[in-house]
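> Compute the structure for the input listed below.
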Amino acid sequence: MEIRQLRHLVAAIDLGTLSDAADAVFITQPALTRSLQNLEHELGTKLLQRMPRGVVATEAGELLYRHAHLIINEVKKIKSDVPMVAKGVTGNLKIGVAALFDHHIVDQVVWDIATEHSELNIGITVGFFEDLVRLLEEGSLDIIFSNLPSISVPEELIVEPLSDLTVVFAANKDHPLAQEHPCKLEHLEQARWVIVDQPHAAEMFSQFFAAQGMSTPSSIVRTDSLGLIMSLLKKGGFVSVLPRHLVNEAIETHQLVELEVKGPPIKRKFGLIYREDIAGRPALDPFVQGVREACSKIDSSYV
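Prediction:
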């Protein structure tokens, strides 16, 4: 099995046709077909299923596709890291950061690393949990700093919880629910909501109402933009459920209020996720140690 064959497989699955894949990897279609047939022969199984309009991966092909992505990305790192080490640079660090933390905790850690370890090249991808885990599995990221939903992750990933965040209900100070102490649950159910459009957020939202024996509200705006959620909350008319640290500043400036809702606080873990095979990589140490130290000093009332 050769790297070029893995690239051929990835191209075929990504593009869906052998002709497009051949163009993408700069070989003829017959040469690509032979390469893939040799790979299938070596592994003793079909990797692609030929369809009238192209090709799709078999179950075995999907498995190899995931491994191929990881291998190809690791080869890219070798090609970039080794020359930089020769120049006195210790490598690249690709960090995934959950959107709710890109202005909190991790920003100071990255500032410190960039100041104290100028030999590191740092790339930062901001996203949501499910997307970041997928990129980590593929090898496109080295490590993630994120909230940790109650979702199982692949066994090869190490999950390191570092602290808790508190989830609160928030609305404009003039919202009718802001005048209720505590909020009536039936009024919460009838409110207009704006929430994060991610599976784990939707599940938490539904579980809260289910625990009260109520239906999930029907008037919901879903978005993957935290900025848009904050903007709609400030304009009024909407209610949301967000980590406290995201709304603290708006509450302190009297733009938003934390709604008083009966029941224990909703707590969620946050921390680091990284692959077992790179857990000891030296380039990770400044970020890992910086985040651990920052989380140990967090004021629990703030998050």
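> Point out the other helices and strands that the single longest strand found in the chain packs with.
If you go by DSSP state E, the chain has its longest strand at strand 157-172. Helices and strands in packing contact with strand 157-172 are listed as helix 129-138, helix 226-235, strand 239-243, helix 244-252, strand 256-258, strand 266-275, helix 285-296; criterion 3 or more C-beta pairs under 8 Å, 6 or more residues apart in numbering; DSSP states H and E. Every C-beta, even on glycine, is put in place using the N, C-alpha and C of the backbone.
> any chance you could map the helices in this structure?
3-15, 18-25, 29-43, 59-86, 106-116, 129-138, 185-190, 199-211, 226-235, 244-252, 285-296 (DSSP state H).
> okay if I get those helices as JSON lines plus distance to T166 and mean neighbour count?
Shown next, in JSON lines, are the helices of the chain (distance: least, C-beta to C-beta, whole Å; neighbours: other C-beta atoms under 10 Å):
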{"stretch": "helix 3-15", "distance to T166": "41", "mean neighbour count": "19"}
{"stretch": "helix 18-25", "distance to T166": "47", "mean neighbour count": "17"}
{"stretch": "helix 29-43", "distance to T166": "50", "mean neighbour count": "15"}
{"stretch": "helix 59-86", "distance to T166": "36", "mean neighbour count": "15"}
{"stretch": "helix 106-116", "distance to T166": "18", "mean neighbour count": "15"}
{"stretch": "helix 129-138", "distance to T166": "18", "mean neighbour count": "19"}
{"stretch": "helix 185-190", "distance to T166": "18", "mean neighbour count": "15"}
{"stretch": "helix 199-211", "distance to T166": "13", "mean neighbour count": "15"}
{"stretch": "helix 226-235", "distance to T166": "17", "mean neighbour count": "16"}
{"stretch": "helix 244-252", "distance to T166": "5", "mean neighbour count": "17"}
{"stretch": "helix 285-296", "distance to T166": "15", "mean neighbour count": "17"}
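> Just tell me which of those ends up closest to R50.
Among these, the nearest to R50 by C-beta to C-beta is helix 18-25 (8.8 Å).
> What degree of burial does I220 show, as a neighbour count?
Here the number of neighbours of I220 (other C-beta atoms under 10 Å) works out to 15.
> and the residue nearest to it when sequence neighbours are not counted, how many neighbours does it have?
Leaving out its chain neighbours, the residue that sits closest to I220 by C-beta to C-beta, 6 or more residues apart in numbering is W193, at 4.7 Å. Per other C-beta under 10 Å, the neighbour tally for W193 reads 22.
> surely I122 meets A114?
Yes: between I122 and A114 a contact is recorded at 6.4 Å, counting by C-beta atoms under 8 Å.
> who touches both of the two?
Listed contacts common to I122 and A114 are nil; contacts here mean C-beta atoms under 8 Å, 6 or more residues apart in numbering.
> list the contacts for V110?
95, 122, 124, 287.
> Which members of those are classed as buried?
Among those, those classed as buried by neighbour count (16 or more other C-beta atoms under 10 Å) are 95, 287.
> can you put the contacts of V110 in CSV and add distance to V109 and pLDDT?
Output for the contacts of V110, formatted as CSV (distance: C-beta to C-beta, whole Å; pLDDT from 0 to 100):
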residue, distance to V109, pLDDT
I95, 9, 93
I122, 11, 88
I124, 11, 93
F287, 7, 89
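> tell me the pLDDT at K87?
Reading off the confidence values, K87 has pLDDT 45.
> And D299, by the same measure?
63.
> just S80 next, same as before
What the model reports for S80 is a pLDDT of 63.
> What of E156?
pLDDT, E156: 82.
> which stretches of the stretch 1-150 of the chain have low pLDDT?
Along the stretch 1-150 of the chain, the parts satisfying pLDDT under 70 run over 77-91.
> rerun that using 80 as the cut-off
Counting by pLDDT under 80, the ranges of the stretch 1-150 of the chain that qualify are 73-92, 117-120, 150.
> Name the nearest residue to Q108, sequence neighbours excluded.
A294 is the one closest to Q108 (C-beta to C-beta, 6+ apart), at 6.5 Å.
> residue contacts, that neighbour?
Neighbouring residues of A294 by C-beta under 8 Å, 6+ apart: 105, 108-109.
> One more pass at 10 Å, please.
Contacts for A294 (C-beta atoms under 10 Å, 6 or more residues apart in numbering) come out as 104-106, 108-109, 112, 145, 162-163.
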